[in-house]
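J.: Got a predicted structure here, sequence first:
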Amino acid sequence: MPEDLEGLKEQYLRCVRCGQCRSVCPVFEVVKNETATPRGKVFLAHLLATGEIEANSQVQAQLSRCLLCRSCSKECPSAIPVHQIVTAARAELAVKVPSPVKRLVFRKIWTRPRRLALAAGVTRNIQALGLDKLGLYLRLLPPGFALPGRLPRRPAHTIIPAITPATGETRLRVGYFLGCSTNFLFPAAAASTVAVLSSLGCEVVIPPELKCCGLPQLASGEAAAASALASANSEVFRRLNVQAVVSDCASCTATLKESPEFDGLKVTELSELLLELIQKYSPGLKQIQKPVTYHDPCHLAKAQGITAAPRELLRLTCMDFREMDGAADCCGSGGAFALYHYRTSMSILNKKIANIKKSGAEIVATSCPTCIMQLRHGLAAHGCKTDVVHTVELLGKTLGRET
Ligand code: SF4
Ligand code: SF4
């Protein structure tokens, strides 16, 4: 279980309110209100823990204005884990001010793969009938409902076999953690992950009984549900006897790495594993000619400190790789944040879109499905034709393993 507010007491008591975290918080940059600052949220959590303020929907609303991007936690000179404090405060609020809708979505549906698949199927049918557009037009649905775009007809788990052998000699047996967003929104990225790993000598196993990584539950305050998911998933991988657990989703990888339930299992981020295999076995790579830039997902750069490996991969695979300004700035997605705070999310995204345009790139590569979804949404809204893909999809093309 992640630490509760009481367990984090020593951490939030160390906040000296220096305000250094304000300058890096993308939400504060837009909202310009002290309650939206990281230190404001730390203070709110402190008051909540000591009982000096009542747990109510206003406090919940204030603490929902956080992307959990970790920019503040990285910047804080006292190394205060603001994102953990916000997460713990949300967990306390979820108990004291329960939301039946959130419980239904994050506890009852999202924790059960069959129910989640059913919900995705219903969404697909709603989209096919055009009811989503009508709902958005009549403002019966929140504007963030448009973010995922049209759901693909078939999720990845119905297309990719449970076991894909290595092409040629088997160098590694890996368990692929197929996250919910990649599965339901980007099956082509999942297919590329499997094809590329296989072509580099990995036997890829996708356990059919896998569940969500637990991040949506953690972020919405359902800490016990997140823990139960981590336990179930870690047991699945232990039984499989794989040499590494790998995921192409930055958020899933960060969550698995930080789950105590995964202690003793080797969780590897995809770009690091791919770079290692390419450097070791030097496969032939055809280079992409179009200009390509890279967006750092917060859960990769800030949560895992991984910035070099994806860039190295892109330099190997692209003739014209160019850095954009603010590559590590949050895109404003933050999972459900964009759903609850659509306008703030879009204001944060606008800066990123301007930097993408300025780079002149025709393709943006990144390693997080929710970032892909957010960037595509923003670029389309700006009438910009720049494509957004997962880094592994470019690698698939350069290795001749297009899916
Ligand atoms: S930077 Fe750290 S110590 Fe300073 S106000 Fe923010 S959370 Fe508190
Ligand atoms: S995690 Fe990100 S959005 Fe949340 S308070 Fe910190 S900087 Fe702001």
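T.: Received it, and whenever you're ready, just let me know what you need. Ligands and ions are numbered 1, 2, ... in the order given.

J.: Provide the secondary structure category for the spatially most central residue of the chain.
T.: For the chain, the residue nearest the mean C-alpha position is S251 (3.4 Å; Cα atoms, centre = their mean). Following DSSP: H, G, I helix; E, B strand; the rest coil, we place S251 in the helix state.

J.: measure the residue nearest to it when sequence neighbours are not counted to Q62 for me?
T.: The shortest distance from S251 to any residue other than its chain neighbours is 4.4 Å, reached at H299 (Cβ to Cβ, 6 or more residues apart in numbering). C-beta here means a position set from N, CA and C on the backbone, and glycine is covered the same way. Distance from H299 to Q62, counting by Cβ to Cβ, to the nearest Å: 23 Å.

J.: Looking at those two, which is more packed in?
T.: H299 (26 against 17; other Cβ atoms under 10 Å).

J.: does that one sit in a helix or strand, and which one?
T.: helix 298-304 (DSSP states H and E).

J.: Could you list the residues in contact with that helix?
T.: 67-71, 73-74, 250-251, 253-254, 257-258, 269, 271, 306-307, 310, 328, 330, 367-368 (Cβ atoms under 8 Å, 6 or more residues apart in numbering).

J.: Sort out which of the residues you listed are in helices and list them.
T.: Applying DSSP state H to the contacts of helix 298-304, the entries found in helices are 71, 73-74, 250-251, 253-254, 257-258, 271, 310.

J.: Any idea which helix or strand in the chain has the lowest mean pLDDT?
T.: For the chain, counting by mean pLDDT, DSSP states H and E, helix 131-137 ranks last in confidence among helices and strands (a mean of 84).

J.: Which other helices and strands does that one contact?
T.: Using 3 or more Cβ pairs under 8 Å, 6 or more residues apart in numbering; DSSP states H and E, the elements in contact with helix 131-137 are helix 113-128.

J.: Distance of the closest residue to ligand 1 within the stretch 151-300 of the chain relative to A328?
T.: Going by Cβ to the nearest ligand atom, ligand 1 is nearest to C298 of the stretch 151-300 of the chain, at 17.1 Å. Relative to A328, C298 is positioned 8 Å away (Cβ to Cβ).

J.: what about the two, which has more around it?
T.: When C298 and A328 are compared on other Cβ under 10 Å, the one with more neighbours turns out to be C298, at 27 against 16.

J.: got the residues of the protein near ligand 1?
T.: Applying Cβ under 6 Å from any ligand atom, we find that the chain lies next to ligand 1 at 15-21, 38-39, 42, 76, 78, 80, 82.

J.: what about 5 Å?
T.: Contact residues (Cβ under 5 Å from any ligand atom) of the chain with ligand 1: 15-18, 20-21, 39, 76, 78, 80.

J.: now that we have those, which one has the most neighbours?
T.: Neighbour counts for those, by other Cβ under 10 Å, peak at C21, which reaches 26 neighbours.

J.: pretty sure that one is in contact with G40, am I right?
T.: No. The criterion here is Cβ atoms under 8 Å, and C21 misses it with G40 at 9.6 Å.
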